[in-house]
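Student: requesting a structural model of the entry that follows:
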Amino acid sequence: MPIQHPEDQQLPHPKECGDKAVTLREVAFSYPDGHQALRSINLEIERCEKVALVGPNGAGKSTLMLQLNGVYRGEGEIEIMGLPVTEDNLPVIRARVGLVFQNPDDQLFSPTVFEDVAFGPLHMGLPEEEVRERAEIALQQVGMADYGKRLSYHLSLGEKKRISIATVLAMEPDILVFDEPTSGLDPRSRRSLINFLEDLDLTLLVSTHDMRLVQEVFPRMVIMDQGEIVADGPTEQLLSDPALLTAHGLEQP
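Tutor: Down below sits the predicted model:
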């Protein structure tokens, strides 16, 4: 039986901003030790939206994000652009939902930067010429076009974060999911990353404690606490409610 690659499968692509990109219905998840990390999560994100996911440590933010491409599987229904997150659909969904981890070393493991960025397209079964083109474009997008021959482990944290983003962009995803993108960055690297996120023309879901980042980049904010969504609305409105922020371990920027 021939191997089926993600590009052989059909995923509905929303044609316009405003179409549904992510839908979660009554999503719940418990870890093997019995701890319930998510409770009755209902959430919709539209194409082109930039949404910040905030809340205290242990709120369930990372667990929720890992549901979107099937790393964790719990109860309830999840759809990515209308396609259910099921075992059969995981290859194509993982090509369309790009997940960037907090620690870039979790994503960089090849001898050179170029090989790291080319890894995903290569294992999609794409022709060598297209793999090279995707990797080069992705490196250009993150401002690292001259870094292809560099060794990833010699780079600064900010440079590693950009390369880890390029590894995901090379897959040409429709949705980008970030976990604490500005964590550990110096002011210059942080500002550079913020400018990049502002200019990025993709659906974004970002988990962060950086409330200034949220204020600058994300028009919509979702607050989680104890595995539940406790508030969801315009960032400006929620940030103007100090009692709400304090109740859920957050500070005004």
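Student: next, count neighbours for Gln215.
Tutor: By other C-beta atoms under 10 Å, 15 other residues sit near Gln215. Where you see a C-beta, it was placed from the backbone N, CA and C, and this is true even at glycine.
Student: swap in Leu239?
Tutor: Residues near Leu239, counting by other C-beta under 10 Å: 19.
Student: that one contacts Pro253, doesn't it?
Tutor: Yes: Leu239 lies in contact with Pro253 (C-beta atoms under 8 Å); the separation is 7.0 Å.
Student: what's the overlap in contacts for those two?
Tutor: Shared contacts of Leu239 and Pro253, defined by C-beta atoms under 8 Å, 6 or more residues apart in numbering, are found at Met211, Val214, Gln215.
Student: got a list of what the first one touches?
Tutor: To tie it back to what came earlier, the one meant is Met211. Val54, Leu239, Leu250, Glu251, Gln252, Pro253.
Student: so Asp174 touches Leu204, yeah?
Tutor: No: if you go by C-beta under 8 Å, Asp174 and Leu204 don't touch, sitting 11.0 Å apart.
Student: which residue ranges of the stretch 101-250 of the chain form strands?
Tutor: Here the stretch 101-250 of the chain has its strands, by DSSP state E, counting those that start in this stretch, at 175-179, 203-207, 220-225, 228-234.
Student: quick check: which of these is nearest to Ala28?
Tutor: Within these, the stretch nearest Ala28 is strand 228-234; the backing value is 10.1 Å (C-beta to C-beta).
Student: neighbours of Tyr31, how many?
Tutor: When neighbours are counted by other C-beta under 10 Å, Tyr31 comes out with 11.
Student: and for it, nearest residue in space, chain neighbours not counted?
Tutor: Ala37 (6.1 Å; C-beta to C-beta, 6 or more residues apart in numbering).
Student: in what helix or strand does the one you found lie?
Tutor: strand 36-46 (DSSP states H and E).
Student: so which bits of that strand are buried?
Tutor: Ala37, Leu38, Ile41, Leu43, Ile45, Glu46 (16 or more other C-beta atoms under 10 Å).
Student: can you list contacts of stretch 131-143?
Tutor: 113-114, 117-118, 121-122, 126, 145, 147-148, 162-163, 165-167, 169-172, 192, 196.
Student: hang on, isn't the residue nearest to Tyr31 packed against Thr63?
Tutor: Yes: counting by C-beta under 8 Å, Thr63 is a contact partner of Ala37 at 4.3 Å.
Student: what residues do these two have in common as contacts?
Tutor: Joint contacts of Ala37 and Thr63 (C-beta under 8 Å, 6+ apart) are Phe29, Gly227.
Student: before we move on, the earlier item: ChimeraX command to pick out the buried ones of the contacts of stretch 131-143?
Tutor: Buried residues among the contacts of stretch 131-143 (16+ other C-beta under 10 Å), as a ChimeraX selection:
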select :113,114,117,118,121,122,126,147,148,162,163,165,166,167,169,170,171,172,192,196
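Student: narrow the contacts of Met211 to just the buried residues.
Tutor: Using 16+ other C-beta under 10 Å, the buried ones in the contacts of Met211 are Val54, Leu239, Leu250.
Student: Glu251 versus the first one, what's the distance?
Tutor: Right, the one you point to is Val54. 10 Å (C-beta to C-beta, to the nearest Å).
Student: any weak-confidence spans in the protein?
Tutor: Across the chain, residues meeting the criterion (pLDDT under 70) sit at 1-15.
Student: who touches the most centrally placed residue in it in this structure?
Tutor: Residue closest to the mean C-alpha point of the chain, counted by C-alpha atoms, centre = their mean, is Val177 at 0.8 Å. Under the criterion of C-beta under 8 Å, 6+ apart, the neighbours of Val177 are Met65, Leu68, Asn69, Val97, Gly98, Leu99, Val100, Leu204, Leu205, Val206.
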